[in-house]
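# got a predicted structure here, sequence first:
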Amino acid sequence: MSRYTGRCACGAVTATIIGEAATVRQCWCRQCQQVAAGSPTTNAIFATDAVALQGALANTTYIAASGNTLTQSFCGKCGTQVMAQSSARPQFRTIRLGFLDAPHDLAPEVAIWTEDAPAWAVIDPALERFPRQPPPPVTKA
């Protein structure tokens, strides 16, 4: 069983994750591009009960292009993006790869919302692609 740790830039928010990522996705939706300064967000999707967070998170909630309610969580002190959660998938937490301590063995497997990617985007041709919202991931044992 894998173990991951993470921390924000200032150290006020930390995490321990025990378990396997269901998948790792690059998301090119417009909301993610806004969060990631024009690039995609890169996210490891873990079972909710695998993720233990410490520290105070700030949140923002909105209706995503998928039609689901999306809650973005970040450190209220330094602004580091920590995770997202979709109302359609409460069994998962979508952890930002940049929040996780390096080194780790996680790398993108899928690119989603590719129809929203800018013309200059470079998407690895080896990644499975979805023009919009993909089906939910399956939890790995």
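Here it is on my side, so go on.

# hmm, C75 is touching N59, no?
No - with contact defined as C-beta atoms under 8 Å, C75 does not reach N59; the gap is 11.1 Å. In short, each C-beta sits where N, CA and C put it, glycine included.

# please say which of the two ends up with more neighbours.
C75 (22 against 13; other C-beta atoms under 10 Å).

# let me see the contact set for the more buried one.
Residues in contact with C75 (C-beta atoms under 8 Å, 6 or more residues apart in numbering) are 8-10, 12-13, 55-58, 82.

# most surrounded residue in these?
Result: V82 is most packed of these (other C-beta under 10 Å), 27 neighbours.

# show me what the helix or strand harbouring that residue is packed against.
Using DSSP states H and E, V82 falls within strand 81-86. Helices and strands touching strand 81-86, by 3 or more C-beta pairs under 8 Å, 6 or more residues apart in numbering; DSSP states H and E, are strand 41-47, strand 51-54, strand 69-75, strand 92-96.

# and the second one, which residues are buried?
Yep, that's strand 51-54 we're talking about. Of the residues in strand 51-54, those with enough neighbours to count as buried (16 or more other C-beta atoms under 10 Å) are 51, 53.

# and the next element down the chain from that strand?
The helix or strand immediately downstream of strand 51-54 is strand 57-63, counting by DSSP H and E.

# quick one: that following strand to strand 69-75, angle?
Note on geometry: by axes from the mean of the first three to the mean of the last three C-alpha atoms, to 10 degrees, strand 57-63 and strand 69-75 are set 160 degrees apart in direction.

# can you tell me what sits against strand 57-63?
By C-beta under 8 Å, 6+ apart, strand 57-63 touches 13, 31, 69-76, 82.

# return the member of these nearest to A111.
For those, the residue nearest A111 by C-beta to C-beta is Q31; the value is 15.6 Å.

# now the contacts of C75 in a markdown table, with pLDDT and distance to R96?
As requested, these are exported to a markdown table (pLDDT from 0 to 100; distance: C-beta to C-beta, whole Å):
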| residue | pLDDT | distance to R96 |
| --- | --- | --- |
| C8 | 98 | 10 |
| A9 | 97 | 12 |
| C10 | 98 | 15 |
| A12 | 98 | 15 |
| V13 | 98 | 11 |
| G55 | 97 | 15 |
| A56 | 96 | 17 |
| L57 | 97 | 12 |
| A58 | 98 | 14 |
| V82 | 98 | 6 |
